[in-house]
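Colleague: Return atomic coordinates for the entry below.
(one chain, ligands or ions: 1)
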Amino acid sequence: MLEFRSVSKTYRDGTVAVEDFSRTVPAGTITVLLGSSGCGKTTLLRMVNRMVEPTSGSIHVDGRAVSAEDPVRLRRSIGYVLQAGGLLPHRDVLDNVATVPVLDGVGRRQARHAASELLERVGLDPALGRRYPGQLSGGQQQRVGVARALAADPDVLLMDEPFGAVDPIVRRELQDELSRLQRELRKTVLLVTHDVDEAFRLGDDVVVLQQGGRIAQAGTPAELLAAPADDFVRQFIGADRHERRIHEQEVGGRRILVDGAGRPIGVLEGSP
Ligand SMILES: Nc1ncnc2c1ncn2[C@@H]1O[C@H](COP(=O)(O)OP(=O)(O)OP(=O)(O)O)[C@@H](O)[C@H]1O
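Modeller: Numbers count the residues shown, from 1 in each chain. Purely as a prediction, here's the structure:
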């Protein structure tokens, strides 16, 4: 379980990035921080592994305050996936994935062997393990980034716009892959995105943020869609947008679903 208790962050130049943020990410679930640029998402994420220190408030992992942990050990114990992969360019893929286990004292051969298995787990051909990051596609690099974050088998995974740098089709594939992995691994995940569809697809809990990390509304995707708290949330999640205004139509005796622009999107279950 990951807990933010009244966390605030004011940077040295006086920028208030986060003000009084409280939220709990239950163990084994995905919470998505959703908001536009500059609302404090990355600051919130980086306070968990102490790359940024809060000005006030506290963050707890399984009841233990992260401020009491050694920052280096803390960072090794929490998986972190960055938008651009964040891979070491002069190390091959297996060494990249094995970085944290080797730092933790696992032998290099054993760590590379485990890394190879992890590549398969994230849907990559283990033969890619001997390539360098620059010899992989963007989507493959992101998968390596996920494998690397999982290598030390952390309970908590932080993901900062993990699929932001790839095209929409690959993005969708990576999202599906993460959902599949999460069904197996049940990590406690905090994921940052400004993409509403991604938030709804992946989040058990979605926190819509305004500037200063203020919570505009938080809940399941269904709760947000069913009852947006205000105009800001309604507009942000696109509750009024064509593609979300779904209704039923009868065509040739079957009930099909169409979106607000009249585009067919599916057949109703049980329809003959
Ligand atoms: N080191 C810093 N010093 C001063 N201000 C900062 C620093 N880092 C971030 N900020 C400011 O804090 C606010 C929140 O930034 P943050 O990066 O957390 O937002 P974000 O929601 O992740 O944005 P984006 O989606 O663009 O990455 C912004 O106004 C930003 O300019």
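
Colleague: What residue spans form the domains of this protein?
Modeller: Taking automatic domain parsing as the criterion, the chain consists of the domains 2-240, 241-272.

Colleague: looking at these, which is buried most?
Modeller: Using mean count of other CB atoms under 10 Å, the stretch among the domains of the chain with the greatest mean number of neighbours is domain 2-240 (a mean of 18). C-beta coordinates here come from the backbone N, C-alpha and C atoms, glycine included.

Colleague: all helices of this structure, in order?
Modeller: Listed in chain order, the helices of the chain (DSSP state H) span residues 41-48, 71-77, 93-103, 108-121, 138-150, 168-185, 196-202, 221-226, 231-237.

Colleague: got JSON lines for these, with distance to residue 21 too?
Modeller: Written out in JSON lines, the entries for these read as follows (distance: least, CB to CB, whole Å):
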{"stretch": "helix 41-48", "distance to residue 21": "6"}
{"stretch": "helix 71-77", "distance to residue 21": "19"}
{"stretch": "helix 93-103", "distance to residue 21": "28"}
{"stretch": "helix 108-121", "distance to residue 21": "33"}
{"stretch": "helix 138-150", "distance to residue 21": "23"}
{"stretch": "helix 168-185", "distance to residue 21": "24"}
{"stretch": "helix 196-202", "distance to residue 21": "17"}
{"stretch": "helix 221-226", "distance to residue 21": "18"}
{"stretch": "helix 231-237", "distance to residue 21": "17"}
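
Colleague: Mind putting those into CSV with mean pLDDT?
Modeller: Conversion of the helices of the chain to CSV gives the following (pLDDT from 0 to 100):
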stretch, mean pLDDT
helix 41-48, 96
helix 71-77, 90
helix 93-103, 93
helix 108-121, 93
helix 138-150, 92
helix 168-185, 90
helix 196-202, 93
helix 221-226, 92
helix 231-237, 91
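
Colleague: Out of these, which is closest to residue 8?
Modeller: Nearest to residue 8 among the helices of the chain is helix 41-48 (9.9 Å), distances taken as CB to CB.

Colleague: mind saving the C-alpha coords of stretch 187-201 as PDB?
Modeller: Below are the C-alpha coordinates for stretch 187-201, written out as PDB (Å, rounded to 0.1, in the frame of the first residue of the first chain):
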ATOM      1  CA  LYS A 187       1.900  -4.700  -8.100                       C
ATOM      2  CA  THR A 188       1.000  -1.500  -6.400                       C
ATOM      3  CA  VAL A 189       1.200   0.900  -9.300                       C
ATOM      4  CA  LEU A 190       1.100   4.700  -9.500                       C
ATOM      5  CA  LEU A 191       1.000   5.800 -13.100                       C
ATOM      6  CA  VAL A 192       1.100   9.400 -14.500                       C
ATOM      7  CA  THR A 193      -0.600  10.300 -17.800                       C
ATOM      8  CA  HIS A 194      -2.400  13.200 -19.500                       C
ATOM      9  CA  ASP A 195      -4.200  10.700 -21.700                       C
ATOM     10  CA  VAL A 196      -7.800  10.100 -20.600                       C
ATOM     11  CA  ASP A 197      -8.200   6.900 -22.600                       C
ATOM     12  CA  GLU A 198      -5.100   5.500 -21.100                       C
ATOM     13  CA  ALA A 199      -6.200   6.400 -17.600                       C
ATOM     14  CA  PHE A 200      -9.600   4.700 -18.100                       C
ATOM     15  CA  ARG A 201      -8.100   1.600 -19.600                       C
END
